[in-house]
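K.L.:
Mind looking at a prediction? Sequence and model below.
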Amino acid sequence: MTPVSIVTSQAGWVIGHDVAMRFLFVGDSMTVGSAGDFTWRFRMWQHLEATLPGRYTITGPRTALYDTEAQAPLSYAYGAPSFPADARRHLAGWGEGWLHMAPVIADAVTEARADVLLVSLGLIDLGFYTDSAQTTQNARAFVAAARTANPHIRIVLLPVIPNIRAESDAPFAAECERFNELLAKAVADLDGPASPLLLASRPASYDIHTDTYDGTHPGPSGEHKLAAAFADAMHQAWGLGAPYAARA
């Protein structure tokens, strides 16, 4: 699949570095992570600490990792003990997609007082719940709902990265590609000066055989690449922070 470039109609729109921002991570199993994972959220926290010290907060209603044995989000065994408890907050869930997040995002934004949503959703939808057209409608509903809670919300969205299933399931692979095309169109349609949207680029070097531990969920190198996709999109389009620099 051809990597998707950053999409925004608000060229030159800049966030002042004196603005304190509240970030909310929204995602599926790739974002929540499971027991023992560092998570790309940890990598993003490192980046924010280095580039926006004292000018950001990570917020959200959840803090746990998924416990695969209990099959529930009950673990707090993060791979990095240095990951502060208040920076572990998120709105991500194992098996949850646009279908699940669209109905709850307004309340989450209100309660978290979120300014920026970093969103990685869609793979689980396409794999188990909805086709590309309906998944896109749910993504549009998500944006509309988030804006009811905060008319000035800023949203960065990551295209779906097909997992190992796509290598043997051609219809699924085609749905992933079609959804990414529809998502790019939705971002272009919905982007505006009051509430800017960005479609980040899929990491060009992302390889599910080396950047994941099971063909879907990111390992350390994949976590860095996902965090970089969000960080670089915000820096390039909004002048926020700095280019991503991987940290141990």
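P.N.:
Nice, I can see it. Numbering: from 1, shown residues only.

K.L.:
Provide the contact partners of the helix or strand containing Arg41 at residue level.
P.N.:
Assigned by DSSP states H and E, Arg41 belongs to helix 40-51. Residues from elsewhere that reach helix 40-51 (C-beta atoms under 8 Å, 6 or more residues apart in numbering): 23, 25, 30-31, 33, 56, 58, 78-80, 83-84, 87-88, 90, 118, 218, 222-224, 226-227, 230-231, 241-242, 244-247. All C-beta atoms are positioned from the backbone trio N, CA, C, and that covers glycine.

K.L.:
tell me which residues in that helix are buried?
P.N.:
Of the residues in helix 40-51, Trp40, Arg41, Phe42, Arg43, Met44, Trp45, Gln46, His47, Leu48, Thr51 count as buried by neighbour count, 16 or more other C-beta atoms under 10 Å.

K.L.:
Now intersect the contacts of helix 40-51 with the helices, please.
P.N.:
Met30, Thr31, Gly222, Glu223, His224, Leu226, Ala227, Phe230, Ala231 (DSSP state H).

K.L.:
Could you list the low-pLDDT ranges of this structure?
P.N.:
1-19 (pLDDT under 70).

K.L.:
The lengthiest helix in the chain - contacts with which helices or strands?
P.N.:
Ranked by residue count and defined by DSSP H, the top helix of the chain is helix 170-190. On a contact count with 3 or more C-beta pairs under 8 Å, 6 or more residues apart in numbering; DSSP states H and E, helix 170-190 meets helix 132-149, strand 197-199.

K.L.:
which one of the ones you listed is the most hemmed in?
P.N.:
strand 197-199 (a mean of 25; mean count of other C-beta atoms under 10 Å).

K.L.:
quick one: that strand to chain centroid distance?
P.N.:
How far strand 197-199 lies from its chain's middle: 11 Å, per C-alpha atoms, centre = their mean, to the nearest Å.

K.L.:
In terms of secondary structure, what does it contact?
P.N.:
So strand 197-199, by 3+ C-beta pairs under 8 Å, 6+ apart, packs with strand 154-157, helix 170-190, helix 220-238.

K.L.:
what's the nearest residue to Thr63 if we skip its chain neighbours?
P.N.:
Arg88 (4.5 Å; C-beta to C-beta, 6 or more residues apart in numbering).

K.L.:
So His209 sits against Ser221, correct?
P.N.:
No: taking contacts as C-beta atoms under 8 Å, His209 lies outside contact range of Ser221: 11.2 Å.

K.L.:
Contacts for the strand ranked longest in the chain, please.
P.N.:
Assignment by DSSP state E gives strand 21-27 as the longest strand of the chain. Applying C-beta under 8 Å, 6+ apart, the contact partners of strand 21-27 are 15, 31, 41, 44, 48, 52, 55-60, 89-92, 101, 105, 108-109, 112-121, 240.

K.L.:
residue contacts, Leu126?
P.N.:
Ser132, Thr135, Val160, Phe172, Glu175, Cys176, Phe179.

K.L.:
Out of the residues you listed, flag the one nearest to Ala144.
P.N.:
Nearest to Ala144 among the contacts of Leu126 is Thr135, at 15.2 Å by C-beta to C-beta.

K.L.:
does that closest one really touch Met101, like I thought?
P.N.:
No: the pair Thr135 / Met101 is not scored as a contact, 11.6 Å apart, by C-beta under 8 Å.

K.L.:
quick one: contacts for Leu190?
P.N.:
Arg140, Val143, Leu197.

K.L.:
re the thing from before, what subset of the contacts of helix 40-51 is buried?
P.N.:
23, 25, 30-31, 33, 56, 58, 78-79, 83, 87-88, 90, 118, 218, 222-224, 226-227, 230-231, 241, 244.
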